[in-house]
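# the following comprises the amino acid sequence and a computationally predicted model.
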Amino acid sequence: MAWFLSFGLGFLITLQAAFNRDLSVKRGLPTALLANNSVALAASVLVWAGWMWMSRRAAIPMTDPLIADLQQASAPPLWIWIVPGLIGMLFVMGVPAAIREYGALKVTVGIIAGQIVASIAWDLLREGQPMTASRGIGAGLVLVGAILASR
């Protein structure tokens, strides 16, 4: 199930980038960036409002373990509130421009390669998951495939 969800999200990322590229060609990159982030903000507010409404109606608070841990721990540092939004903005701004220059396939396989490297580092450094031979070989094969597909 996780693979299908990840595949679907990857598919949507490519569509989002292609649609943003089309909008940026017709109306300019700043307009595409503003439109994309405005919709994301509106959707986020609706999700937050629904979450708050549901948690007030439920007999028990609707929090996941991560939120419970954060509530018990000290407040998260300021950067954790800012950096993800900046990364998202850079992604929404950079991918359409890259697609215009290099094409969707090369950009997408480059994104996949970057995600693989970042995921390996995250799992190793933050989650404590060791790099096994099968994970290393699998990641290496995907990276090689990404490189071959972009040529």
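Thanks, I have it. Numbering: from 1, shown residues only.
# can you list the low-confidence ranges for the protein?
Scanning the chain for pLDDT under 70 picks out 1-3, 57-76.
# what's the longest helix in it?
When the chain is parsed with DSSP state H, its longest helix is helix 29-57.
# go ahead and flag the most central residue of the chain.
residue 88 (7.3 Å; CA atoms, centre = their mean).
# now do the helix or strand where that one lies against helix 29-57, angle only.
For residue 88, the element it lies in under DSSP states H and E is helix 79-102. For helix 79-102 against helix 29-57, the angle by axes from the mean of the first three to the mean of the last three CA atoms, to 10 degrees is 140 degrees.
# identify the residues contacting helix 79-102?
For helix 79-102, contacts defined as CB atoms under 8 Å, 6 or more residues apart in numbering pick out 16-18, 20-21, 23-25, 29, 32-33, 36-37, 40, 107, 110-111. For every residue, glycine as well, the C-beta is placed using N, CA and C.
# how does it look with 7 Å?
Residues outside helix 79-102 that contact it (CB atoms under 7 Å, 6 or more residues apart in numbering): 17, 18, 20, 21, 24, 25, 29, 32, 33, 36, 37, 107.
# which of those residues are buried?
Taking 16 or more other CB atoms under 10 Å as the criterion, what is buried in the contacts of helix 79-102 is 17, 18, 20, 21, 24, 29, 32, 33, 36, 37, 107.
# quick one, what contacts the third one?
When you say that, I think you mean residue 20. Residue 20 makes contact with 32, 36, 92, 95, 96, according to CB under 7 Å, 6+ apart.
# redo those as CSV? Include distance to residue 132.
Formatted as CSV, the contacts of residue 20 follow (distance: CB to CB, whole Å):
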residue, distance to residue 132
32, 41
36, 38
92, 34
95, 32
96, 37
